[in-house]
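Enquirer: Got a sequence here, can you build the structure:
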Amino acid sequence: MDRPWIAANQRERERLHALLGRLSVSDLQQPLNETWRVATTFAHLAFWDRRAALLIQRWQQGQTPPADESDWYGAEVLNDGLLDEWNALPVSEAVRLVVDAAALVDLVARDVDDATAEAIVARQEDWLLHRWRHRAEHIDAVAGATD
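Expert: Numbers count the residues shown, from 1 in each chain. Okay, here's the model as predicted:
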């Protein structure tokens, strides 16, 4: 099976490391909007990368996630419900979490067996494998806000 997500995930993880390397503590505390600061974005990314890694691992173990979870319930409720915790994290912890989670999910997505990867793609859940898309979106937002 062709695995285009491997190189793309790696590229965006490298962009993430480069961005983190240039951000100061002050930058990490900077607001991005009314409710999120830069560090909140990294805690958010860490959560979604860890969730994707767990879902891929469980899928490989035969625990296929339900197909009928609505998008608004899954993403919006989780983001809104976790916002206070993300904002409460020390900025250094948000940075550690995003680095660790990105490495974890990229490894899991790289090593997923072909049958599981094909099932994920067939069910149009390939966002689990293509973590670079979500990462790039937030890297671009943070880079734009901190330049």
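Enquirer: Helix or strand for the closest residue to residue 20 other than its chain neighbours, just tell me which one.
Expert: Excluding its sequence neighbours, the residue lying closest to residue 20 (C-beta to C-beta, 6 or more residues apart in numbering) is residue 95, at 5.8 Å. (Each C-beta comes from the backbone N, C-alpha and C, glycine too.) Element membership of residue 95 [criterion: DSSP states H and E] is helix 91-111.
Enquirer: now residue 56
Expert: helix 38-60.
Enquirer: Now do that helix against helix 91-111, angle only.
Expert: 30 degrees (axes from the mean of the first three to the mean of the last three C-alpha atoms, to 10 degrees).
Enquirer: in helix 38-60, what's buried?
Expert: For helix 38-60, the buried set under the neighbour-count rule, 16 or more other C-beta atoms under 10 Å, comprises 38-50, 52-56, 59-60.
Enquirer: residue contacts, the residue nearest to residue 20?
Expert: Residue 95 is in contact with 20, 28, 39, 42, counting by C-beta atoms under 8 Å, 6 or more residues apart in numbering.
Enquirer: what kind of secondary structure is the second one in?
Expert: Of the three states, residue 28 takes helix under DSSP: H, G, I helix; E, B strand; the rest coil.
Enquirer: and stretch 35-42, average pLDDT?
Expert: In this model, stretch 35-42 carries a mean pLDDT of 96.
Enquirer: any idea how far it is from the chain center?
Expert: When distances are taken as C-alpha atoms, centre = their mean, to the nearest Å, stretch 35-42 is centred 13 Å away from the chain's centroid.
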